[in-house]
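**Q** A predicted structure for the sequence below; I have some questions about it.
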Protein chains: 2
Amino acid sequence: MPTIKDVAKYLGVSVSTVSRALNNHPDIKPDTRHEVLEAMKRINYTPNAVARSLISRKSNTVGLMIPDITDPFFSAMAHDVEEVLTDNGYQVVYVNTSRKSDKEKRFLTSVMERKMDGIIVTPDFLDEEALDMLRRLEIPVVFLRRRPPQDLDMPFVDVDHYEGACHAMDYFFSLGHSRIGFMGMPKYSFTGQERYRGYVDSLKKRGLEPDPKGIVWEGRTIECGHKAMSKLMGEFPSMTAVFAANDLLGIGALEWLAENRLSVPAQMSVIGFDNLEVSNLHWIKLTTVAQPRKEMGRKAAEVLLQMLTENKLTAQSILLPTELIIRDTCTSASASDH
Amino acid sequence: MPTIKDVAKYLGVSVSTVSRALNNHPDIKPDTRHEVLEAMKRINYTPNAVARSLISRKSNTVGLMIPDITDPFFSAMAHDVEEVLTDNGYQVVYVNTSRKSDKEKRFLTSVMERKMDGIIVTPDFLDEEALDMLRRLEIPVVFLRRRPPQDLDMPFVDVDHYEGACHAMDYFFSLGHSRIGFMGMPKYSFTGQERYRGYVDSLKKRGLEPDPKGIVWEGRTIECGHKAMSKLMGEFPSMTAVFAANDLLGIGALEWLAENRLSVPAQMSVIGFDNLEVSNLHWIKLTTVAQPRKEMGRKAAEVLLQMLTENKLTAQSILLPTELIIRDTCTSASASDH
DNA sequence: CTGAAAGCGCTTACAG
DNA sequence: CTGAAAGCGCTTACAG
């Protein structure tokens, strides 16, 4: 691979001149610049970004830490993060943490060593060690779908899960439901907690006490929803509606209901959360709370970009609104009173 | 950020000694090594990977070029690529090409400048310019779900789409079908072409001539499948079975059939390709050709790793087998003769 | 406008 | 075993 020296030798000029041509430096005669650029083409010179980074202290790379690229949510966000960032000259290094603490830390170590310019993170574990690394980083950090710890003044980008859950509950109430079950995601899940808060607060606001029998925590998959629905029907038979903390759970519930010949929405109303593509399938048509996934990725990248260009370590957080998508899985409570 | 010099000064040793401690070099007294390592911790020293790369000519980064991380296929592969590679000390830089030629080229440029150690690529456009870059790269390249051009001796990892299509057709034939429709993905799609070849050859092998009226090309989405089914029923009404080149098309077909009160499989047998999660949903249960997605990503990473460690520019390609997953959308032809 | 020199943070022969 | 020196491929004051 030819270096800047080869180009200089080839033309009989100094490396400084070549460098200046490469960097569009004003202190160079347009003619020589042109010659140099031509010569570079001719000998197939490609600038070594590693050497440039060492001097400029800018690696032009951004880290993206997410739990699992396989989750349609994160892949949608990753898509837009990449788009915005590479359009601005950055390369994105991505890591799946698989929700493992040590993978998160390995990533942060890598961020320091590789001298990344900034990161977008969705951590699930932030112990003292990880926090310490985050503090020492001295580069822009934006939290995606997570909140930064109290003492770190870093921006986050997320959807308002709490508000979204309230929308769903409001809709149930407007339809006259009051015995509303809840299927939660794993308890450690931040988004799951927020949605649960919305469920509980919505009930309390109407003077209703959440019934522990109407609340199950099985996990986050379709199978879990299936199991959860079965459990709920056993423990809380008077239920007329169920709020699933995510669409997969909601779909599992619909599956169980279909298998047990309970008609939806006549006998049971269901609302999910996420608005996955599948939820709009002809056979499902799940009423759900939609969140703007791609926009979330885009916004996270934009916030990071802003910090990068303004050379600041903080910025304004963004909480995007949710939207209730009304489809075919809800009806008024009277229809389903048993 | 402290550098190796700071560590040396702190301890009153030379930078060479510090470097040797850092690299586990044998030429260092265990005691001093230990002291150095301790000192590094104390002053929060982190090695600068950029500087190390400049010397070692190894960036420990691998590029992953895929059309769209949002596609469950590519996200599944990306997941395992990342896992295998980071477990081996590499970081992965990923790019969505969105099937745009210039994005592919920008990526290749970046690969050269950034001195990536190797790449895994799923290109859709390889014109002379791109090929030229690929040739000049001088690093291991593995093709994922694509074939390298003739004159480039580079390995690929893929599933045997042709064989998969034959499996599907064999099954139709074993059920007595002969008037079998086909819905294809966009014609430029390599995987789509292979599946189409399997369809055509399977017919010919039985002395049947593919009927142009039984073949439609609408795209790759559910909506396309919906439209395609409608078209097919109009043009090729004697059809008793349809092979969809991917599951989304198959699901779109099922949707149209359900809307038009045609029962599946009694009146129409359907096979898809991909075995998406949704295809196993209670309401869908699509018979389909499964491909080992994650394994593909894993294998691609392993092949690359092998080339990287053996310092070779080529390796054995891998063609993974497909598997027909029989579910509920097929029955014998006699049932559906009309 | 151009070139010689120093230096980014490391590693690696080479002496000792 | 340890240190001084050269060098990876660039950029950037500093002179001229």
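**A** The structure has been received and is ready for your questions.

**Q** low-confidence ranges in the stretch 201-338 of chain A?
**A** Applying pLDDT under 70 to the stretch 201-338 of chain A flags the ranges A:335-338.

**Q** Closest residue of it to DNA strand D?
**A** A:Asn311 (15.0 Å; Cβ to the nearest atom of the strand). From N, CA and C alone the C-beta is placed, and that goes for glycine too.

**Q** Which residues outside the helix ranked longest in chain A are in contact with it?
**A** Criterion DSSP state H: the longest helix present in chain A is helix A:293-310. For helix A:293-310, contacts defined as Cβ atoms under 8 Å, 6 or more residues apart in numbering or on different chains pick out A:62, A:72-73, A:76-81, A:83-85, A:88, A:117-120, A:140, A:142, A:144-145, A:155, A:157-159, A:312-316, A:318, A:320.

**Q** A:Gly164 contacts A:Arg197, correct?
**A** No: between A:Gly164 and A:Arg197 there is no contact under Cβ atoms under 8 Å: 11.0 Å.

**Q** Tell me which of these two has more neighbours.
**A** For A:Gly164 versus A:Arg197, the count of surrounding residues by other Cβ atoms under 10 Å in any protein chain shown is larger for A:Gly164: 24 against 14.

**Q** what about the residue nearest to that one when sequence neighbours are not counted, how many residues close to it?
**A** Once flanking residues are discounted, A:Gly164 sits nearest to A:Thr322: 3.5 Å by Cβ to Cβ, 6 or more residues apart in numbering or on different chains. A:Thr322 is flanked by 24 other residues according to other Cβ under 10 Å.

**Q** Relative to A:Pro292, how far out is A:Thr322?
**A** To A:Pro292, A:Thr322 is 8 Å away according to Cβ to Cβ, to the nearest Å.

**Q** cool, A:Thr221 as well?
**A** Distance, A:Thr221 to A:Pro292, using Cβ to Cβ: 23 Å.

**Q** Up against chain B, what does the stretch 1-150 of chain A have?
**A** Counting by Cβ under 8 Å from any Cβ of the partner chain, the stretch 1-150 of chain A comes close to chain B at A:1, A:44, A:46-51, A:53-54, A:59, A:61, A:68-70, A:72, A:75-76, A:78-79, A:82-83, A:86, A:91-96, A:98, A:103, A:106, A:109-110, A:112-115, A:136, A:138.

**Q** what residues are shared contacts of A:Thr322 and A:Pro292?
**A** Taking Cβ under 8 Å, 6+ apart as the contact rule, A:Thr322 and A:Pro292 both touch A:Val159.

**Q** domain assignment for chain A?
**A** As assigned by automatic domain parsing, chain A contains the domains A:4-47, A:59-159+A:293-320, A:161-291+A:324-336.

**Q** Which of those sits closest to DNA strand C?
**A** domain A:4-47 (3.3 Å).

**Q** is that closest one anywhere near DNA strand D?
**A** Yes: Domain A:4-47 lies within reach of DNA strand D by Cβ under 7 Å from any atom of the strand, at A:4-5, A:15-16, A:19-20, A:22-23, A:25, A:45-47.

**Q** ok so, going back, list only buried entries from the contacts of helix A:293-310.
**A** Neighbour-count burial (16 or more other Cβ atoms under 10 Å in any protein chain shown) is assigned, among the contacts of helix A:293-310, to A:62, A:72-73, A:76-81, A:83-85, A:117-120, A:140, A:142, A:144-145, A:155, A:157-159, A:313, A:315, A:318.

**Q** Inside strands: which ones of the residues you listed?
**A** A:62, A:118-120, A:142, A:144, A:157-159, A:318 (DSSP state E).

**Q** Contact residues of chain A facing DNA strand C?
**A** By Cβ under 7 Å from any atom of the strand, the residues of chain A that approach DNA strand C are A:12-17, A:20, A:27-30, A:32, A:51, A:54-55.

**Q** Got the phi and psi for the residue of the stretch 201-338 of chain A closest to DNA strand D?
**A** The phi and psi values for A:Asn311, taken as degrees, to the nearest 10, are phi 60, psi 40.

**Q** Secondary structure class of the residue of the stretch 201-338 of chain A found nearest chain B, three-state.
**A** At 3.5 Å from chain B, A:Trp283 is the closest residue in the stretch 201-338 of chain A, using Cβ to the nearest Cβ. The three-state assignment at A:Trp283 reads coil, by DSSP: H, G, I helix; E, B strand; the rest coil.

**Q** How about the one 5 residues further on?
**A** When the structure is split into helix, strand and coil by three-state DSSP, A:Thr288 lands in strand.

**Q** ok, now A:Ala51?
**A** Classification of A:Ala51 using three-state DSSP returns helix.

**Q** which non-adjacent residue is nearest it?
**A** Nearest in space to A:Ala51, with sequence neighbours left out and distances taken as Cβ to Cβ, 6+ apart, is B:Leu54 at 5.6 Å.

**Q** which of the residues in stretch A:169-188 are buried?
**A** A:169, A:171-173, A:175, A:177, A:179-185.

**Q** how long is that stretch from one end to the other?
**A** End-to-end distance of stretch A:169-188: 22 Å, with Cα to Cα, to the nearest Å as the criterion.

**Q** Check stretch A:173-186 too.
**A** 26 Å.

**Q** now do stretch A:148-167
**A** Start-to-end, stretch A:148-167 (Cα to Cα) is 25 Å.

**Q** for that stretch, which positions count as buried?
**A** A:148, A:154-162, A:164-167.

**Q** what does stretch A:109-125 give?
**A** Neighbour counts using 16+ other Cβ under 10 Å place A:110-124 of stretch A:109-125 among the buried residues.
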